[in-house]
Each structure stands twice: as C-alpha cells, then as structure tokens.
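Trainee: Here is the input, now give the coordinates:
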Amino acid sequence: MSASRKPTPPPDMGGLTDDWKRLKELRDRETEKDRDQDQGANHDATASGAPDATSNREQEPAVRPRSRPGRSRGGRRPPPAAADAVPTTVRFDEEEAREVSRFVLELQDDAGRRTLDKAEVIREVLRLAREHEPTRKALLRRLR
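Mentor: Residues are numbered from 1 along each chain as shown. Sure, this is the predicted structure:
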C-alpha cells in the first residue's frame with residue numbers, strides 16, 4: 001500500500017516581520033538617549049538650576065532603567081537585557097554545583113545583597129581577573 005504525502009507547509013512567520021528592524025530602532029534610541037543624557041548633564045540646567053520637568057514628561061520611557069552608579073553593582077553596568085544577552089553554559093558536577101551555590105549565598109550575605117545570581121558573580125570574577133594583574137597571574141598559574 002502506498003500513500004502519497006504532501007510536504008508540510010513552512011511555518012507562518014508573519015508575526016515576526018520587522019522584528020530585527022524594531023530591535024535595532026530600540027537600541028539606536030537607547031544609545032541616542034544615553035548620548036543626550038551625557039551631553040545634557042553638562043548643558044541642560046535651567047536658570048534656576050533645576051531640570052525642565054516638561055521635557056522629561058515628553059520623553060519616551062526607557063526600554064530598561066539604568067542603575068545608579070555606586071548602587072547594588074558597585075558602579076558596574078547592569079547585566080544585559082534578555083534581547084542583548086549571549087547565553088553561556090558552565091557545567092559542574094553535583095558536588096561542585098552545591099559548593100558554587102553555597103559560595104554565592106555566602107557572597108550574597110557578606111555583600112548585604114537581597115539577591116545575587118551566579119551569572120553576576122561569574123561576570124565580576126572574570127572582570128576582576130582582567131583588571132587585577134595579581135589575580136590574572138594566579139589564574140594563569142592554575143590553568144597551566
């Protein structure tokens with residue numbers, strides 16, 4: 001017995017048209033706002049020294065609020081938004097995973113933070129190894 005099969009139609013991607021274009025426009029707007037804020041901090045004071053409240057209301061809301069320097073991340077930039085993030089997987093065996101979780105919880109307590117995730121810890125450790133030469137040398141010794 002033979003049965004003829006029709007090929008399955010391609011998926012409907014109609015809802016995704018112009019997504020890349022919209023994402024690029026959002027990113028461009030965000031960089032323009034950042035640039036304007038940097039320039040405006042020096043030149044946008046009114047005669048009374050207070051910022052103009054009407055211009056702040058007319059601006060579009062930011063895609064992602066920026067954390068203030070010196071706050072929870074010690075002045076570091078916030079983690080990337082989901083649209084900008086590049087996922088990286090770090091695999092541990094069971095015991096090592098438990099140790100990492102305990103270490104992150106200890107860091108959270110010591111830092112007085114309400115939340116602290118492993119990704120943030122790993123980002124900061126890598127940043128520390130890049131910026132602090134003795135740490136970088138110690139890491140190289142371990143990797144040899």
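
Trainee: only C-alpha atoms for contact and neighbour calcs from this point on.
Mentor: OK.

Trainee: Show me what counts as buried in stretch 128-142.
Mentor: Residues of stretch 128-142 classed as buried under the neighbour-count rule (16 or more other CA atoms under 10 Å) are 129, 136.

Trainee: Using CSV, write out every CA atom in that stretch.
Mentor: Written as CSV, here are the backbone C-alpha positions of stretch 128-142 (Å, rounded to 0.1, in the frame of the first residue of the first chain):
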residue,chain,number,x,y,z
LEU,A,128,38.4,41.1,38.3
ALA,A,129,40.8,38.7,36.6
ARG,A,130,41.0,41.1,33.6
GLU,A,131,41.5,44.3,35.7
HIS,A,132,43.7,43.0,38.6
GLU,A,133,47.0,41.7,37.4
PRO,A,134,47.9,39.5,40.5
THR,A,135,44.5,37.8,40.1
ARG,A,136,45.2,37.3,36.4
LYS,A,137,48.6,35.8,37.1
ALA,A,138,47.2,33.5,39.8
LEU,A,139,44.5,32.3,37.3
LEU,A,140,47.2,31.6,34.7
ARG,A,141,49.2,29.6,37.2
ARG,A,142,46.1,27.5,37.9
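
Trainee: Please enumerate residues in contact with that stretch?
Mentor: With CA atoms under 8 Å, 6 or more residues apart in numbering as the test, stretch 128-142 has no contacts from any other residue.

Trainee: Report the rounded mean pLDDT for it.
Mentor: When pLDDT is averaged along stretch 128-142, the result is 93.

Trainee: I am finished for the moment; much appreciated.
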